[in-house]
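J.: here is a sequence together with a model predicted from it:
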Amino acid sequence: MRPDTATLKRFYETPLGDFTADALAKVVAESDWADRPGGLVTLGYAIPILKKLGGPRSAFALMPARQGAEVWPKGASSLSALVEETSLPLADASVANMLLVHTLEFASNPSRLMREVWRVLEPEGRAVFLVPNRRRMWSSLELTPFGHGTPWSWRQLEALMIERMLQPVGCHTTLFFPPIKTGPGLIGSITRATAKSCERPFLKLLPASGGLLVVEVKKKVVTGLTKSSQETAMNQATVR
(Lines give C-alpha, C1' and ligand atoms only; values in the text may rest on other atoms or scores of the structure.)
Protein backbone atom coordinates (compact mmCIF):
# COMPACT_ATOMS: atom_id res chain seq x y z
CA MET A 1 0.00 0.00 0.00
CA ARG A 2 1.32 3.43 -0.96
CA PRO A 3 1.66 5.91 1.94
CA ASP A 4 -0.13 9.18 1.29
CA THR A 5 1.46 12.61 1.56
CA ALA A 6 0.23 13.16 5.12
CA THR A 7 1.80 9.87 6.25
CA LEU A 8 5.09 10.71 4.54
CA LYS A 9 5.13 14.19 6.05
CA ARG A 10 4.51 12.82 9.55
CA PHE A 11 7.39 10.37 9.19
CA TYR A 12 9.86 13.08 8.14
CA GLU A 13 8.81 15.20 11.12
CA THR A 14 10.03 12.48 13.52
CA PRO A 15 13.65 12.19 14.70
CA LEU A 16 14.12 9.09 12.53
CA GLY A 17 12.61 10.89 9.54
CA ASP A 18 14.88 13.90 10.07
CA PHE A 19 17.91 11.58 10.23
CA THR A 20 16.72 9.94 6.98
CA ALA A 21 16.28 13.28 5.21
CA ASP A 22 19.79 14.34 6.31
CA ALA A 23 21.31 11.16 4.87
CA LEU A 24 19.44 11.42 1.57
CA ALA A 25 20.22 15.13 1.15
CA LYS A 26 23.90 14.38 1.71
CA VAL A 27 23.80 11.75 -1.03
CA VAL A 28 22.30 14.26 -3.45
CA ALA A 29 24.59 17.14 -2.46
CA GLU A 30 27.79 15.11 -2.72
CA SER A 31 27.06 13.38 -6.01
CA ASP A 32 28.66 14.42 -9.31
CA TRP A 33 25.14 14.59 -10.68
CA ALA A 34 24.30 17.46 -8.32
CA ASP A 35 26.84 19.73 -10.05
CA ARG A 36 25.32 19.36 -13.51
CA PRO A 37 23.73 22.49 -15.00
CA GLY A 38 19.99 22.77 -15.48
CA GLY A 39 17.01 22.65 -13.16
CA LEU A 40 15.90 19.78 -10.96
CA VAL A 41 12.59 17.93 -11.22
CA THR A 42 11.62 15.51 -8.45
CA LEU A 43 8.98 12.81 -8.64
CA GLY A 44 7.45 11.13 -5.60
CA TYR A 45 7.99 12.86 -2.26
CA ALA A 46 11.28 14.75 -2.06
CA ILE A 47 10.26 17.88 -0.15
CA PRO A 48 12.23 16.97 3.04
CA ILE A 49 15.34 16.50 0.90
CA LEU A 50 14.77 19.79 -0.94
CA LYS A 51 14.36 21.58 2.38
CA LYS A 52 17.68 20.20 3.64
CA LEU A 53 19.33 21.39 0.42
CA GLY A 54 17.79 24.83 0.70
CA GLY A 55 15.68 24.45 -2.44
CA PRO A 56 18.44 23.79 -5.01
CA ARG A 57 18.44 25.57 -8.38
CA SER A 58 15.03 25.81 -10.01
CA ALA A 59 13.64 22.75 -8.28
CA PHE A 60 10.12 21.58 -9.09
CA ALA A 61 8.35 18.82 -7.12
CA LEU A 62 5.93 16.48 -8.90
CA MET A 63 3.82 14.15 -6.75
CA PRO A 64 1.81 11.14 -7.96
CA ALA A 65 -1.98 11.37 -7.86
CA ARG A 66 -2.29 8.16 -5.85
CA GLN A 67 -0.07 9.69 -3.17
CA GLY A 68 -1.41 13.24 -3.03
CA ALA A 69 0.42 16.56 -3.20
CA GLU A 70 1.75 19.13 -0.76
CA VAL A 71 2.18 22.82 -1.42
CA TRP A 72 5.88 23.70 -1.57
CA PRO A 73 7.47 26.03 -0.70
CA LYS A 74 5.26 27.55 1.96
CA GLY A 75 4.48 31.26 1.63
CA ALA A 76 5.65 31.54 -1.98
CA SER A 77 4.54 30.63 -5.47
CA SER A 78 3.97 26.89 -5.55
CA LEU A 79 6.63 24.75 -7.21
CA SER A 80 4.76 21.48 -6.66
CA ALA A 81 2.06 19.74 -8.67
CA LEU A 82 -0.14 16.63 -8.63
CA VAL A 83 0.56 14.41 -11.65
CA GLU A 84 0.02 11.00 -13.19
CA GLU A 85 3.46 9.40 -12.96
CA THR A 86 3.14 7.68 -16.36
CA SER A 87 1.89 10.84 -18.10
CA LEU A 88 3.95 13.76 -16.82
CA PRO A 89 2.93 17.29 -17.89
CA LEU A 90 6.40 17.93 -19.30
CA ALA A 91 7.62 18.34 -22.87
CA ASP A 92 9.82 15.73 -24.52
CA ALA A 93 13.53 16.11 -23.71
CA SER A 94 12.86 19.04 -21.35
CA VAL A 95 14.48 17.85 -18.09
CA ALA A 96 18.21 17.93 -17.37
CA ASN A 97 18.17 16.38 -13.89
CA MET A 98 15.58 14.24 -12.14
CA LEU A 99 15.33 12.78 -8.64
CA LEU A 100 12.88 9.95 -7.89
CA VAL A 101 12.20 8.96 -4.28
CA HIS A 102 9.17 7.07 -2.88
CA THR A 103 8.29 6.35 -6.50
CA LEU A 104 9.57 3.18 -8.17
CA GLU A 105 8.70 0.83 -5.30
CA PHE A 106 5.05 1.94 -5.59
CA ALA A 107 4.78 2.04 -9.38
CA SER A 108 1.94 -0.13 -10.71
CA ASN A 109 3.78 -0.33 -14.04
CA PRO A 110 7.55 0.20 -13.62
CA SER A 111 8.14 -0.19 -17.37
CA ARG A 112 5.84 2.69 -18.24
CA LEU A 113 7.36 4.81 -15.51
CA MET A 114 10.83 4.21 -16.99
CA ARG A 115 9.51 5.08 -20.44
CA GLU A 116 8.16 8.37 -19.13
CA VAL A 117 11.44 9.21 -17.43
CA TRP A 118 13.25 8.50 -20.71
CA ARG A 119 10.79 10.69 -22.64
CA VAL A 120 11.17 13.81 -20.50
CA LEU A 121 14.95 13.61 -20.02
CA GLU A 122 17.02 15.60 -22.46
CA PRO A 123 19.77 13.77 -24.40
CA GLU A 124 22.41 12.74 -21.83
CA GLY A 125 20.02 13.89 -19.10
CA ARG A 126 20.51 12.27 -15.69
CA ALA A 127 18.12 10.73 -13.18
CA VAL A 128 18.81 9.45 -9.68
CA PHE A 129 16.58 6.79 -8.13
CA LEU A 130 16.42 6.21 -4.37
CA VAL A 131 14.90 2.74 -3.96
CA PRO A 132 14.53 0.32 -1.01
CA ASN A 133 17.27 -2.30 -1.14
CA ARG A 134 15.87 -5.85 -1.21
CA ARG A 135 16.75 -8.07 1.77
CA ARG A 136 17.82 -5.13 3.94
CA MET A 137 16.18 -4.06 7.19
CA TRP A 138 14.86 -0.76 5.81
CA SER A 139 12.70 -2.65 3.31
CA SER A 140 11.64 -5.30 5.85
CA LEU A 141 10.35 -3.14 8.71
CA GLU A 142 7.23 -1.02 8.36
CA LEU A 143 8.55 1.69 10.68
CA THR A 144 9.38 3.86 7.65
CA PRO A 145 7.81 4.45 4.21
CA PHE A 146 10.65 2.39 2.72
CA GLY A 147 9.15 -0.70 4.38
CA HIS A 148 6.17 -0.53 2.05
CA GLY A 149 5.87 -1.28 -1.64
CA THR A 150 8.21 -3.50 -3.67
CA PRO A 151 11.95 -3.35 -2.88
CA TRP A 152 14.49 -3.95 -5.64
CA SER A 153 17.91 -5.50 -6.02
CA TRP A 154 20.66 -3.82 -8.03
CA ARG A 155 20.50 -6.52 -10.73
CA GLN A 156 16.75 -6.11 -11.11
CA LEU A 157 17.09 -2.35 -11.48
CA GLU A 158 19.97 -2.66 -13.92
CA ALA A 159 17.99 -5.00 -16.19
CA LEU A 160 14.89 -2.79 -16.11
CA MET A 161 16.77 0.40 -16.88
CA ILE A 162 18.98 -0.95 -19.64
CA GLU A 163 15.94 -2.40 -21.42
CA ARG A 164 14.25 1.02 -21.20
CA MET A 165 17.28 2.83 -22.69
CA LEU A 166 18.40 4.34 -19.39
CA GLN A 167 22.11 3.62 -18.97
CA PRO A 168 23.25 3.08 -15.34
CA VAL A 169 26.34 5.17 -14.58
CA GLY A 170 26.62 4.60 -10.84
CA CYS A 171 25.16 2.64 -7.94
CA HIS A 172 25.83 2.68 -4.23
CA THR A 173 23.80 2.54 -1.02
CA THR A 174 22.93 4.75 1.91
CA LEU A 175 21.24 4.34 5.32
CA PHE A 176 23.51 1.76 6.91
CA PHE A 177 22.02 1.99 10.40
CA PRO A 178 18.72 0.19 11.02
CA PRO A 179 15.50 2.23 11.25
CA ILE A 180 15.18 2.44 15.02
CA LYS A 181 12.92 4.95 16.75
CA THR A 182 15.21 6.87 19.09
CA GLY A 183 12.88 9.43 20.65
CA PRO A 184 13.54 13.11 21.43
CA GLY A 185 15.54 12.69 24.68
CA LEU A 186 19.25 12.78 25.44
CA ILE A 187 19.79 9.10 24.68
CA GLY A 188 18.01 9.50 21.37
CA SER A 189 20.16 12.52 20.48
CA ILE A 190 23.35 10.60 21.29
CA THR A 191 22.17 7.63 19.24
CA ARG A 192 21.39 9.79 16.20
CA ALA A 193 24.69 11.68 16.49
CA THR A 194 26.57 8.36 16.67
CA ALA A 195 24.69 7.03 13.64
CA LYS A 196 25.46 10.17 11.61
CA SER A 197 29.17 10.11 12.44
CA CYS A 198 29.55 6.37 11.73
CA GLU A 199 27.33 6.13 8.64
CA ARG A 200 30.00 6.94 6.05
CA PRO A 201 32.83 4.79 7.52
CA PHE A 202 30.56 1.74 7.70
CA LEU A 203 29.34 2.24 4.14
CA LYS A 204 32.93 2.50 2.93
CA LEU A 205 33.67 -0.85 4.54
CA LEU A 206 30.40 -2.43 3.37
CA PRO A 207 29.28 -0.36 0.36
CA ALA A 208 26.38 -2.64 -0.61
CA SER A 209 24.90 -2.91 2.88
CA GLY A 210 22.79 0.26 3.03
CA GLY A 211 19.02 0.15 3.21
CA LEU A 212 18.53 2.26 0.09
CA LEU A 213 19.96 1.85 -3.39
CA VAL A 214 21.17 5.07 -5.00
CA VAL A 215 21.16 4.50 -8.75
CA GLU A 216 22.15 7.15 -11.29
CA VAL A 217 21.23 6.73 -14.95
CA LYS A 218 21.56 8.76 -18.12
CA LYS A 219 19.28 8.82 -21.11
CA LYS A 220 20.55 6.65 -23.91
CA VAL A 221 19.92 7.92 -27.43
CA VAL A 222 20.72 5.67 -30.38
CA THR A 223 22.67 7.68 -32.98
CA GLY A 224 21.13 7.69 -36.42
CA LEU A 225 17.54 6.96 -35.37
CA THR A 226 14.81 9.54 -35.86
CA LYS A 227 12.73 10.68 -32.91
CA SER A 228 9.78 8.54 -34.05
CA SER A 229 12.05 5.48 -34.39
CA GLN A 230 13.41 6.01 -30.88
CA GLU A 231 9.87 6.25 -29.51
CA THR A 232 8.84 3.12 -31.41
CA ALA A 233 11.73 1.20 -29.86
CA MET A 234 10.73 2.43 -26.41
CA ASN A 235 7.08 1.49 -26.98
CA GLN A 236 8.06 -2.01 -28.05
CA ALA A 237 10.25 -2.43 -24.97
CA THR A 238 7.40 -1.22 -22.74
CA VAL A 239 4.93 -3.67 -24.24
CA ARG A 240 7.36 -6.55 -23.63
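T.: Yep, it's here.
J.: for T173, list each beta-bridge partner.
T.: On the basis of DSSP bridges, T173 is bridged to L213.
J.: quick one, what contacts it?
T.: For T173, the contact set (Cβ atoms under 8 Å, 6 or more residues apart in numbering) comprises 133, 203, 207-214. For glycine as for every other residue, the C-beta is placed from the backbone atoms N, C-alpha and C.
J.: where does this structure have its least confident helix or strand?
T.: One helix or strand of the chain scores below all others by mean pLDDT, DSSP states H and E: helix 227-239, with a mean of 51.
J.: before we move on, back to that, between the contacts of T173, which is nearest A96?
T.: Within the contacts of T173, distances to A96 taken as Cβ to Cβ reach their minimum at V214, with 18.7 Å.
J.: my guess is that closest one meets L175, correct?
T.: No. Using Cβ atoms under 8 Å, V214 makes no contact with L175, being 9.6 Å away.
J.: between those two, tell me which one has more neighbours.
T.: L175 (27 against 22; other Cβ atoms under 10 Å).
J.: got the phi/psi numbers for that one?
T.: When read as degrees, to the nearest 10, the backbone of L175 gives phi 60, psi 70.
J.: likewise Q167?
T.: Backbone torsions of Q167, given as degrees, to the nearest 10, read phi -90, psi 110.
J.: what's the answer for the one 4 residues further on, then?
T.: For C171, the backbone dihedrals (degrees, to the nearest 10) come out as phi -150, psi 130.
J.: likewise N133?
T.: Here N133 shows phi and psi, under degrees, to the nearest 10, equal to phi -80, psi 120.
J.: how about the contacts made by the closest residue to it other than its chain neighbours?
T.: Excluding the flanking residues, the one nearest N133 by Cβ to Cβ, 6 or more residues apart in numbering is L213, at 4.9 Å. Contact partners of L213, counting by Cβ under 8 Å, 6+ apart, are 129-133, 152, 154, 157, 171-173.
J.: any of those buried? List them.
T.: The neighbour-count criterion (16 or more other Cβ atoms under 10 Å) marks 129-133, 152, 154, 157, 171-173 among the contacts of L213 as buried.
J.: no more questions from me, cheers.
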